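Enquirer: need the 3D shape of this:
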Amino acid sequence: MATATDMLSRLVQLSNGLTTPQIHLGLYMMSGPETTRAVRSALDIGYRGFDCAQWYYNEREAGAAIRAFIAASSSTPAPVSRDDIFYTTKLRDNSTSYDAVRKSIRRSVAACGLGHIDLFLLHSPHGGREARLASWRAVEDAVLAGEVRMGGVSNFGVRHVEELMAAGPRVCPVVNQIEVHPFNTQTAIRDVCAKHGIVVEAYAPLARAMRFGHPTVVEMSKAYGCTPAQLLLRWSIQHGFVTLPKSVKQARLVANADVGGFEISNQDLEVLDGLDEKLVTDWDPTDAP
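Expert: This is a model prediction of the structure:
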C-alpha cells in the first residue's frame, strides 16, 4: 500500500497535459505566522501543493516560506526546485474591468515572489456574466504572458461552467474548486465538469470536522483502522478529486497525507455517497446570478 510520502507525490493529470499534486495544503483562514509555520512543516513532510487566495491575505507569507525552503534545500542531497512546487491563488473579486483584473493578477505574482503562479482561479461566480467573462479574459492573457501557468474557477455552478465554455475560451479552465465531501456530493457540478474535462478540486474535504461523529463515519473509520478525517480524505481521493485539507498542526498534516494504506470498497463508497445532505460549511455561491 502507498505511504504518506507516496500519496504526497501522487499527481492528477489536467486537460492541458500538465499535472498537479492530488493532495494540497489549504491555507484558508490562516494568519501570517500560521501560514509560515504550516507551509514550512508541510514542505518538510513532503507536501508540494499549496492553495492560497487574495482573500486569505497570506500570499506573501506562503510565497516566502516556499522560497526559503527551496533555497535551504539547494545544499541538500535532494534539492527542491520551483518547478517541484504547485502554487495556487485566486482572484478576490470578478470585475467588468479587464485591466483591473490583470493588475490584480500581477500583484499576486509579485506578492508570492515565486516568479509565476501555477494555477490562478476566479474565486467565485459573483459579479454577473460580464464580470466573469472579462475576468476570464484577463486570466487567459496572464497564462499567455507566462505570469500564470494555467487557469481555473472556484465555486462555479453548472450554469457558470456552461456559460464559460459556451463563450469559446482561448484557455480552458482546468479545475473547478468546490466544497465537496460525502455530506455535500455536488453531483450535478461534478457531472458538468467531467463533461468538459475539468478536474474537481475538493475544498473543505473534512466538512470542517462537523460530521466526524456521524455514526456511519465512526463505524467505517473503525472498520478501516483510520481516523474520520482519513476516511473522508480517502473518499475524496478515490473519487479522483484533488483534495485540499487544511491544518496548522504537524501531526494532522502527517495524518492527512497518510491515506494510502487502505482502500474503501465500492459498496462502502456508495454508502458514503448516500450521506449527502447538501451540507454547506462556509459559503455556497454556486447559484449566483
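Enquirer: can you report phi and psi for residue 179?
Expert: For residue 179, the backbone dihedrals are phi -70, psi 120 (criterion: degrees, to the nearest 10).
Enquirer: same check, this time on residue 191
Expert: phi -60, psi -40.
Enquirer: list the buried residues of stretch 127-140.
Expert: By 16 or more other Cβ atoms under 10 Å, the buried positions in stretch 127-140 come out as 127, 129, 131-140. Quick note: C-beta positions are derived from backbone N, CA and C, even for glycine.
Enquirer: so where do the strands sit in the stretch 151-289 of the chain?
Expert: Remark: strands assigned in the stretch 151-289 of the chain by DSSP state E, counting those that start in this stretch are 175-179, 199-203, 242-244.
Enquirer: check contacts around residue 44.
Expert: residue 69 (Cβ atoms under 8 Å, 6 or more residues apart in numbering).
Enquirer: tell me if it really is in a helix.
Expert: Yes. Judged by DSSP: H, G, I helix; E, B strand; the rest coil, residue 44 forms part of a helix.
Enquirer: how far away is it from residue 34?
Expert: Distance of residue 44 to residue 34, given as Cβ to Cβ, to the nearest Å: 16 Å.
Enquirer: what about the least confident helix or strand in the chain by mean pLDDT, distance to the chain center?
Expert: In the chain, no helix or strand scores lower on mean pLDDT, DSSP states H and E than helix 4-8, which sits at a mean of 87. Taking Cα atoms, centre = their mean, to the nearest Å, one finds helix 4-8 lying 17 Å from the centre of the chain it belongs to.
Enquirer: could you dump it to PDB, C-alpha only?
Expert: Taking C-alpha atoms only, helix 4-8 is exported to PDB below (Å, rounded to 0.1, in the frame of the first residue of the first chain):
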ATOM      1  CA  ALA A   4       2.200   9.100   3.100                       C
ATOM      2  CA  THR A   5       5.200  10.100   1.000                       C
ATOM      3  CA  ASP A   6       3.800   8.200  -1.900                       C
ATOM      4  CA  MET A   7       0.400   9.900  -1.600                       C
ATOM      5  CA  LEU A   8       2.000  13.400  -1.500                       C
END
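Enquirer: could you say what helices and strands that helix packs with?
Expert: Helix 4-8 is packed against helix 250-257, with contacts defined by 3 or more Cβ pairs under 8 Å, 6 or more residues apart in numbering; DSSP states H and E.
Enquirer: run the chain-centre distance for the helix it packs on.
Expert: Centroid separation for helix 250-257 versus its chain: 17 Å, with Cα atoms, centre = their mean.
Enquirer: show me what that helix is packed against.
Expert: Using 3+ Cβ pairs under 8 Å, 6+ apart: helix 250-257 touches helix 4-8, helix 32-45, helix 228-238.
Enquirer: okay if I get the ones you listed as a markdown table plus distance to residue 289?
Expert: Shown next, in a markdown table, are the helices and strands packed on helix 250-257 (distance: least, Cβ to Cβ, whole Å):
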| stretch | distance to residue 289 |
| --- | --- |
| helix 4-8 | 39 |
| helix 32-45 | 33 |
| helix 228-238 | 30 |
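Enquirer: name the stretch among these that sits most buried.
Expert: Mean neighbour count (mean count of other Cβ atoms under 10 Å) peaks for helix 228-238 among the helices and strands packed on helix 250-257, with a mean of 24.
Enquirer: ok, and what's touching that helix?
Expert: Outside helix 228-238, the residues that touch it by Cβ under 8 Å, 6+ apart are 7, 22-23, 180-182, 202, 205-207, 209, 211-213, 217-218, 220-221, 224, 226, 243, 245, 252, 255-256, 258-259, 262-264, 269, 272.
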